[in-house]
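Colleague: 3D model of this:
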Amino acid sequence: MTAKPVLRIPARSVQIGLGVLWLLDGMLQLQPSMFGPAFATHVIMPSAMGQPGVVSSAITQAAHFMAVDPALVNVVFAGVQLLIGAGLLVRETVKPALIVSFAWGFGVWSMGEGFGGLLTGSASPLTGAPGAALLYLIIGVLVWPRRRAEDVPGPAAAEGLFGAGGGRALWAALWCGLGTLWLLPATSAGGALSGALSNASSGEPSMLAHLQLSLSHALAGGAGTAAAVVAGLLSFVIGLGPLFVRRYALFLVAGVALSLDCWAFGESFGQIFTGLATDPNTGPLLILLALTIWPVGTRAIAPASARAATPSLVNPLTGSLAS
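Modeller: From the prediction side, this is the model:
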């Protein structure tokens with residue numbers, strides 16, 4: 001008997017998914033509100049709050065620079081992201097597109113997202129920490145073209161720079177980091193989750209805002225602390241599971257489920273309904289990361305010689321071969 005791979009997600013599929021997300025970012029950058037001062041004042045400037053002096057100053061200077069000619073800056077921002085996305089959709093231009101995405105993504109993560117708020121002490125996985133741009137970098141590195149899909153039996157990450165083991169290690173590091181953030185006072189203190197959900201409901205459609213406010217009321221006080229602790233412990237399990245369990249798809253499914261919950265209620269689907277969203281936030285990227293290390297299932301098949309040697313049964317009534 002031999003094992004035939006099934007349900008394999010190749011790196012090329014992940015590259016295309018990454019390209020689609022970059023194209024979405026570029027299109028969101030073309031929203032009418034982005035061509036005015038709101039992009040600098042409502043998107044960039046808030047990232048400076050609570051940052052160390054050097055980081056805060058750099059972000060503030062960048063916002064002031066963008067405010068001088070917001071329309072031109074916005075066209076450049078949108079154009080770069082659209083080019084990255086288009087480049088990832090064409091096999092021959094994947095490497096140049098990834099190189100540009102690494103440089104651009106780090107700039108967005110540092111200046112646009114303030115390093116995901118990790119330096120402020122208030123970063124929360126519920127609202128998008130450690131930042132979507134960082135996840136673009138991680139996934140891009142994992143699917144950097146290095147090996148051919150037909151030469152690699154493992155998951156998509158097996159084709160990239162760090163291999164399948166490196167992909168699981170990065171998954172573990174990321175989710176253990178999220179677990180730590182869940183347990184820090186900024187997220188686990190009484191009222192922290194409730195306040196975050198209440199803030200996230202601002203400007204959202206009435207149905208979504210109603211759900212967020214209802215959940216905010218349910219997680220007030222000690223309930224919010226308990227939920228944060230459970231989410232933190234679950235994040236550690238999600239992260240470490242693939243390192244110690246051979247069939248680890250269940251941990252990835254749990255990670256996707258928790259990511260979707262945060263994306264819907266804490267991140268408001270990336271605030272795409274407000275007109276000021278620049279990306280869909282971390283939810284879709286965490287799902288794409290799970291697909292990048294998704295384990296390859298196998299199906300046992302008999303060798304051709306064994307199948308040929310298997311005697312055929314003849315139906316005595318019809319004279320035909322029986323199945």
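Colleague: what is the burial count for the residue nearest to Leu208 when sequence neighbours are not counted?
Modeller: Spatial nearest neighbour of Leu208, excluding adjacent residues (CB to CB, 6 or more residues apart in numbering): Ser268 at 6.6 Å. For glycine as for every other residue, the C-beta is placed from the backbone atoms N, C-alpha and C. By other CB atoms under 10 Å, 26 other residues sit near Ser268.
Colleague: same question, Val73
Modeller: 18.
Colleague: re the thing from before, what's the spacing between the residue nearest to Leu208 and Pro280?
Modeller: Between Ser268 and Pro280 the computed distance is 10 Å (CB to CB, to the nearest Å).
Colleague: picking up where we left off before, next, the residue nearest to Leu208: phi, psi?
Modeller: phi 50, psi 40 (degrees, to the nearest 10).
Colleague: repeat that for the one 5 residues further on.
Modeller: Its backbone dihedrals place Phe273 at phi -90, psi 0, with angles given as degrees, to the nearest 10.
Colleague: what sits against it?
Modeller: Contact analysis of Phe273 by CB atoms under 8 Å, 6 or more residues apart in numbering lists Gly203, Glu204, Pro205, Leu208.
Colleague: contacting residues around the residue nearest to Leu208?
Modeller: Taking CB under 8 Å, 6+ apart, one finds Ala200, Ser201, Glu204, Leu208, Gln212, Thr274 in contact with Ser268.
Colleague: who wins on neighbours among those?
Modeller: Neighbour tally across the contacts of Ser268 (other CB under 10 Å): the maximum, 24 neighbours, falls on Ala200.
Colleague: wait, doesn't that residue sit right on Glu267?
Modeller: Yes. Counting by CB atoms under 8 Å, Glu267 is a contact partner of Ala200 at 7.1 Å.
Colleague: mutual contacts of these two, please.
Modeller: Thr127.
Colleague: and the helices in the stretch 151-300 of the chain?
Modeller: 163-183, 185-188, 192-200, 206-218, 222-244, 249-261, 268-271, 282-292 (DSSP state H, counting those that start in this stretch).
Colleague: redo those helices as a markdown table? Include mean pLDDT and distance to Tyr136.
Modeller: Conversion of those to a markdown table gives the following (pLDDT from 0 to 100; distance: least, CB to CB, whole Å):
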| stretch | mean pLDDT | distance to Tyr136 |
| --- | --- | --- |
| helix 163-183 | 97 | 13 |
| helix 185-188 | 94 | 23 |
| helix 192-200 | 96 | 22 |
| helix 206-218 | 96 | 25 |
| helix 222-244 | 97 | 19 |
| helix 249-261 | 97 | 15 |
| helix 268-271 | 95 | 13 |
| helix 282-292 | 97 | 7 |
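Colleague: can you check which of these gets nearest to Thr127?
Modeller: Thr127 lies closest to helix 192-200 among the helices of the stretch 151-300 of the chain, at 5.5 Å (CB to CB).
Colleague: any idea of the angle the closest one forms with helix 222-244?
Modeller: 100 degrees (axes from the mean of the first three to the mean of the last three CA atoms, to 10 degrees).
Colleague: what does helix 192-200 contact?
Modeller: Helix 192-200 is contacted by residues 124, 126-127, 185-187, 212-213, 215-217, 219-221, 224, 227-228, 265-268 when judged by CB under 8 Å, 6+ apart.
Colleague: ok, 7 Å please
Modeller: Identification of contacts with helix 192-200 by CB atoms under 7 Å, 6 or more residues apart in numbering yields 124, 126-127, 186-187, 212-213, 215-216, 219-220, 224, 227-228, 265-266, 268.
Colleague: quick one: buried ones out of those residues?
Modeller: Neighbour-count burial (16 or more other CB atoms under 10 Å) applied to those gives 124, 126-127, 186-187, 212-213, 215-216, 219, 224, 227-228, 265-266, 268.
Colleague: out of the residues you listed, which is nearest to Lys95?
Modeller: Set against Lys95, the nearest of the buried ones among the contacts of helix 192-200 by CB to CB is Thr127 (33.5 Å).
Colleague: and the pLDDT at the residue nearest to the closest one when sequence neighbours are not counted?
Modeller: Sequence neighbours aside, Gly266 is the residue nearest to Thr127 in space, at 4.9 Å (criterion: CB to CB, 6+ apart). The model reports Gly266 with a pLDDT of 96.
Colleague: so who does Gly266 touch?
Modeller: For Gly266, the contacting residues are Leu126, Thr127, Ala196, Leu197, Ala200, by CB under 7 Å, 6+ apart.
Colleague: please apply the same query to Ile238.
Modeller: With contact taken as CB under 7 Å, 6+ apart, Ile238 is in contact with Trp175, Phe251, Ala254, Gly255, Leu258.
Colleague: of all those, which two lie farthest apart?
Modeller: Maximum distance among these (CB to CB): 10.7 Å, for Phe251 and Leu258.
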